[in-house]
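Asks: can't give you the sequence, but here's the structure:
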């Protein structure tokens, strides 16, 4: 029997506020355990939470960016459950009245563009962290993260493959980074993804029994975990078994999902409105004020790069994948750089050097003006394209400008025809057998001679001049 996967995602994005959701504690990552806490976030009796307005604005901003309806009235609820990293015994979240509803994003996979619906975006506080490693028979609890503002983005069950799921998360990550509400760092947990997945016979409208998968902190693991789980469920059904509704963990070392606990339903959490927090009222003036803060979204910028700069789709995809990359590119073009030339150097040498250091683009040491200056030197014939690679790498590593590096290292391109001609003649004398072979019809040896000239001049000879001179002299010889 042919089966179809049905996938819905829940993405938790830690908001880029300076303080926690309901108190003034810092949300800085990597601090010593339990050093960023206060009576509010550790759940001491009698304390009262106070809402972080910036967090609410960030959720509204996200909702506007993904075509959501912003609710004029929303409220917080208590989600009750017992776990060691939840000191109050409940999590402050939103239930029946979220801030944003009914949005969508578009994704493209294998050339097909699909619209993925968003059920809701709501705001909640994060729990603490249990630490099990290195503690013998004990576990420790770090409450630094408790109370950190989290935005939960819930998709409709519109996703049909692991590839679509990964692309959906990539698109949302790009959007929240573009608008500056989340840094999207999946390794540090500031962007986390849970998936609800089921399978059903192809053509059937009713959904199958779903499982929830947790612990997926990379695009690769999202694809692998969903692929495994879909195959696992199909195998069970084909053998006459029954899918159990449960929460499963992705084990990236073994490449499998494994049962964690039975899946809870909403009634298990006994939601009720938080009596310590007033409802959130959002008027049109506030919404429009936040809308003015939105930047050009990745999809719109991608299309503009294609039409305005004449870039291929592949170039536009990479250059708009992050706001910092797109702005670096546009700054270089504004300074006079040829769009395709700038794109080639960014996609090639610049990305290679950043990847070698595992360095994010917003920490790029090279300025767009430095690349443009180097491109001018190539255009003037001061340096060749081959020499430019050496210059570019030196600029990246030292921060020096191209003209300084060229002077210090004596990399000026040789464009004196008489000087190149002497080298060519010398190459012919040293390679008489190859000259005879060329005369006998082996014209591919032209590349050999060009390589010898470039080697003799340490790559400084003008390549165009070298090729023209070789063709002229070799045609005279033959």
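Replies: Good, I have the coordinates. What you see is a predicted model, and the numbers here were worked out from it, not measured in a lab.
Asks: can you give the domain ranges for this protein?
Replies: Domains of the chain are assigned by automatic domain parsing as 3-289, 417-477.
Asks: mean pLDDT for those domains - can I get that in CSV?
Replies: Shown next, in CSV, are the domains of the chain (pLDDT from 0 to 100):
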stretch, mean pLDDT
domain 3-289, 93
domain 417-477, 74
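Asks: which of those sits most buried?
Replies: Greatest average neighbour count among the domains of the chain goes to domain 3-289 (a mean of 17), per mean count of other CB atoms under 10 Å. No exception for glycine: its C-beta is placed from N, CA and C like everyone else's.
Asks: what distance separates that domain from the centre of its chain?
Replies: 18 Å (CA atoms, centre = their mean, to the nearest Å).
Asks: next one: stretch 454-464
Replies: Worked out by CA atoms, centre = their mean, stretch 454-464 lies 40 Å from the chain centre.
Asks: strands along the stretch 201-350 of the chain, start to end?
Replies: Remark: strands assigned in the stretch 201-350 of the chain by DSSP state E, counting those that start in this stretch are 211-216, 246-251, 256-262, 272-273, 280-281.
Asks: please identify which of those is closest to residue 88.
Replies: Residue 88 sits nearest to strand 272-273 of all the strands of the stretch 201-350 of the chain, at 13.9 Å, using CB to CB.
Asks: need the domains of the chain in a markdown table (columns: distance to residue 333).
Replies: Listed next are the domains of the chain as a markdown table, based on distance: least, CB to CB, whole Å:
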| stretch | distance to residue 333 |
| --- | --- |
| domain 3-289 | 19 |
| domain 417-477 | 25 |
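Asks: just so I know, which of those lies nearest residue 338?
Replies: The closest of the domains of the chain to residue 338 is domain 417-477. By CB to CB, the value is 17.7 Å.
Asks: before we move on, the earlier item: turn the strands of the stretch 201-350 of the chain into JSON lines, columns for distance to residue 456.
Replies: Formatted as JSON lines, the strands of the stretch 201-350 of the chain follow (distance: least, CB to CB, whole Å):
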{"stretch": "strand 211-216", "distance to residue 456": "56"}
{"stretch": "strand 246-251", "distance to residue 456": "58"}
{"stretch": "strand 256-262", "distance to residue 456": "59"}
{"stretch": "strand 272-273", "distance to residue 456": "82"}
{"stretch": "strand 280-281", "distance to residue 456": "74"}
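Asks: for the longest helix along the chain, packing partners?
Replies: Longest helix of the chain, by residue count under DSSP state H: helix 219-238. Helices and strands touching helix 219-238, by 3 or more CB pairs under 8 Å, 6 or more residues apart in numbering; DSSP states H and E, are strand 3-14, helix 162-178, strand 191-201, strand 211-216, strand 246-251, strand 256-262.
Asks: show me what the fourth one is in contact with.
Replies: What that stands for is strand 211-216. Residues from elsewhere that reach strand 211-216, judged by CB atoms under 8 Å, 6 or more residues apart in numbering: 192-198, 222, 225-226, 229, 233, 243-252, 257, 260, 263.
Asks: going along the chain, name the helices of the stretch 51-200 of the chain.
Replies: 53-65, 162-178 (DSSP state H, counting those that start in this stretch).
Asks: OK, contacts around residue 37?
Replies: By CB under 8 Å, 6+ apart, the neighbours of residue 37 are 25, 143-144, 146.
Asks: what of residue 466?
Replies: Going by CB under 8 Å, 6+ apart, the list of residues near residue 466 reads 420, 424, 450, 453-454.
Asks: before we move on, which element is it in?
Replies: Using DSSP states H and E, residue 466 falls within helix 463-477.
Asks: for that helix, the distance to its chain's centre please.
Replies: 48 Å.
Asks: and for stretch 426-440?
Replies: Distance, centroid of stretch 426-440 to centroid of chain: 54 Å (CA atoms, centre = their mean).
Asks: which residues touch it?
Replies: Residues contacting stretch 426-440 (CB under 8 Å, 6+ apart): 445-446, 448-449, 452-453, 456, 473-474, 477-478.
Asks: what's the span of that stretch, first residue to last?
Replies: Using CA to CA, to the nearest Å, the end-to-end distance of stretch 426-440 comes to 21 Å.
Asks: just send the helices and strands packed on helix 219-238 back as TSV, with distance to residue 460 too.
Replies: Formatted as TSV, the helices and strands packed on helix 219-238 follow (distance: least, CB to CB, whole Å):
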stretch	distance to residue 460
strand 3-14	52
helix 162-178	42
strand 191-201	48
strand 211-216	52
strand 246-251	54
strand 256-262	57
